[in-house]
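1. What follows is a predicted protein model with its sequence.
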Amino acid sequence: MNWIRITFLLPVLGALGCTPAPQAPTKVQWNDAVAQEVRTQVEGTMGAFVAMDVERFKAGLTEDVVSFEMDMENKPVRFGSRDEVVRWVEATFAEVKKMGASLKLDIHSSSCRATQTLAYCTVEFDFIAKMADGNTMSQPSRNSVVLHKGDDGWKWTHWHSSLAVPPAPPPPPSPAQK
């Protein structure tokens with residue numbers, strides 16, 4: 001008979017705004033060994049980008065990857081699939097090759113946290129382009145990467161790139177340009 005009263009009272013108490021006490025959150029089980037495995041994957045996928053290796057870069061991404069990146073003019077772009085990323089990467093690599101440039105990363109820090117199936121990393125680095133004439137351009141940058149482990153290993157499911165420092169403002173117009 002008591003279970004009938006409890007069954008009746010639960011919806012009434014809920015309607016009055018009474019809720020059961022919240023459950024204690026589950027503690028996340030971080031795994032340092034897995035984090036190192038993830039760090040290797042992230043740095044390898046970034047390395048594939050600067051090596052202009054489309055297939056190896058693509059292999060590090062989930063099909064439904066979402067990305068917030070910058071184009072060659074430091075304008076923000078958003079991608080919602082691996083196919084969109086691949087089209088952008090191919091166009092970017094074609095421009096870099098047309099300029100006769102090579103790319104390099106100088107990674108300053110790389111920090112990852114991982115469970116058995118989900119991970120995130122932050123990477124701070126200088127993105128360096130060496131031009132055909134020997135001049136170099138360097139852009140302090142940072143990436144945040146979220147990864148998921150599936151049957152085919154760790155893949156980027158989301159990443160965000162940003163400038164580590166704001167770009168220099170354009171020079172003021174010369175008197176001849178006014």
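-> Thanks, I have the structure now.
2. so what's Trp159 up against?
-> Going by Cβ atoms under 8 Å, 6 or more residues apart in numbering, Trp159 touches 65, 67-69, 143-146. Where you see a C-beta, it was placed from the backbone N, CA and C, and this is true even at glycine.
3. Farthest-apart pair in the residues you listed, please.
-> Spatial extent of the contacts of Trp159 (Cβ to Cβ) is set by the pair Glu69 and Val146 at 14.4 Å.
4. residues near Ala94, how many?
-> 11 (other Cβ atoms under 10 Å).
5. repeat for Pro172
-> 8.
6. got the phi/psi numbers for it?
-> phi -70, psi 150 (degrees, to the nearest 10).
7. if I've got this straight, Ala35 is in a helix?
-> Yes: Ala35 forms part of a helix when assessed by DSSP: H, G, I helix; E, B strand; the rest coil.
8. Can you give me the distance of it to Gln29?
-> Going from Ala35 to Gln29 by Cβ to Cβ, to the nearest Å gives 12 Å.
9. In terms of distance to Glu55, which of the contacts of Trp159 ranks first?
-> Val65 (15.3 Å).
10. does the closest one sit in a helix or strand, and which one?
-> strand 61-70 (DSSP states H and E).
11. which residues are contacting that strand?
-> Contacts for strand 61-70 (Cβ under 8 Å, 6+ apart): 45, 76-83, 85, 88, 148, 150, 155-163.
12. Please, a ChimeraX command that selects the buried ones among those?
-> To isolate the buried ones among the contacts of strand 61-70 in ChimeraX, judged by 16 or more other Cβ atoms under 10 Å, type:
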select :45,79,82,85,148,155,156,157,158,159,161
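13. most centrally placed residue in the protein?
-> Trp159 (1.6 Å; Cα atoms, centre = their mean).
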